[in-house]
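S.K.: What would the 3D arrangement of this be:
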Amino acid sequence: MLEPLKTSNPIWVYYLDIDTGENLMVPQLMRGVTGCKYHVERKNFPRYRYVDVDGATDGTFNMQRKDVKFYYRKDNWQEVEAVDTYLQIDQAATVYDNVKGLPIDIPLPAGIVVKAFHRVNTENGDTWYELGADQWVRYQGMRVVTNPYQNDNHQPSTLADQLTILPLKNVQGTVDYLPNREIDVYDAPYGKKVATIPDGKRVSISGKLDDNGEITWYQIGDQRFITGNYVIVDNQED
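M.R.: Numbers count the residues shown, from 1 in each chain. Predicted structure coming up:
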């Protein structure tokens, strides 16, 4: 007597921007019968180049969960680096929503110091710094400086006029970054890096800070803060 065919666990296929975690297309679901072979095709995307893949692109359908993640990088991004850098703004600086993107409404005034989290070198030799979610500045009319606040209790200037932490109770979340990568933990919003947390780690959130709607910070312990762009909060409404 022939055994009935058994449907395997599906395979989720992701096509991701390796630097932002953004999906380049809707995740694909592959279904099959246990014991049958599968093959996942790599796709090409305009203005992106392929970087790496995480997961088996060839194999056999079974009852184990499988994810395949293809990673891509923007064509004009030559070098990308996570940094812990302070910038002295010497001339008023336009803030953009992305590297070579669109300007946002609020420029950075001259005379302040801001903290940067990522640096990107483009194919034409320009350098850009990420100040927060959807906040980028081109490196001109400014200079890199050492942390001017390391010996006092002041925090670096930002686009916000005042930082107020909203207490939260019984809020949980999950770090959502990149597989086998970590996000930084700071002792205060825009403060000093004190630790890291791996992708997928569950966190308890005790406070939330919105910097004029530009950057969200979550407090996950005593003097422990993470940026909200790499956290999925449980039961969070859009």
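
S.K.: Quick check: mean pLDDT of stretch 62-69?
M.R.: Taken as a whole, stretch 62-69 carries a mean pLDDT of 91.

S.K.: Could you list the buried residues of that stretch?
M.R.: For stretch 62-69, burial by neighbour count (16 or more other C-beta atoms under 10 Å) applies to 66, 68-69. In this view, the C-beta of every residue, glycine as well, is placed from N, C-alpha and C.

S.K.: of all these, which comes closest to residue 14?
M.R.: Lowest distance from residue 14 to the buried residues of stretch 62-69 (C-beta to C-beta) belongs to residue 69, with 4.5 Å.

S.K.: Are we agreed that the closest one is in a strand?
M.R.: Yes - with DSSP: H, G, I helix; E, B strand; the rest coil as the criterion, residue 69 is assigned to a strand.

S.K.: Am I right that residue 229 is in a strand?
M.R.: No - secondary structure assignment places residue 229 outside any strand; it is helix (three-state DSSP).

S.K.: what sits against residue 104?
M.R.: Shown here is residue 104, whose contacts under the criterion C-beta atoms under 8 Å, 6 or more residues apart in numbering are 95-97, 134-135.

S.K.: any idea how far it is from residue 187?
M.R.: As for residue 104, its distance to residue 187 is 28 Å (criterion: C-beta to C-beta, to the nearest Å).

S.K.: what's the single longest strand in the protein?
M.R.: If each strand of the chain is counted by residues according to DSSP state E, the longest one is strand 77-89.

S.K.: between the very next helix or strand once past it and strand 77-89, how big is the angle?
M.R.: Using DSSP states H and E, the helix or strand that directly follows strand 77-89 along the chain is strand 113-122. Comparing the axes of strand 113-122 and strand 77-89 via axes from the mean of the first three to the mean of the last three C-alpha atoms, to 10 degrees yields an angle of 160 degrees.

S.K.: List the neighbouring strands of strand 113-122 plus their orientation.
M.R.: In the sheet, strand 113-122 lines up against strand 77-89 (antiparallel), strand 127-132 (antiparallel) (DSSP bridges).

S.K.: List the buried residues of the first one.
M.R.: Right, the one you point to is strand 77-89. For strand 77-89, the buried set under the neighbour-count rule, 16+ other C-beta under 10 Å, comprises 77, 80, 82, 85-87, 89.

S.K.: Could you do the shortest one as well?
M.R.: For strand 127-132, the neighbour count (16+ other C-beta under 10 Å) marks 128-132 as buried.

S.K.: how far does it sit from the chain's center?
M.R.: Between the mean C-alpha point of strand 127-132 and the mean C-alpha point of its chain there is a distance of 13 Å (C-alpha atoms, centre = their mean, to the nearest Å).

S.K.: State the mean pLDDT of stretch 108-124.
M.R.: In this model, stretch 108-124 carries a mean pLDDT of 87.

S.K.: Over to stretch 25-36?
M.R.: Throughout stretch 25-36, pLDDT has a mean value of 92.

S.K.: can you check stretch 208-220 too?
M.R.: The average of the pLDDT scores along stretch 208-220 is 76.
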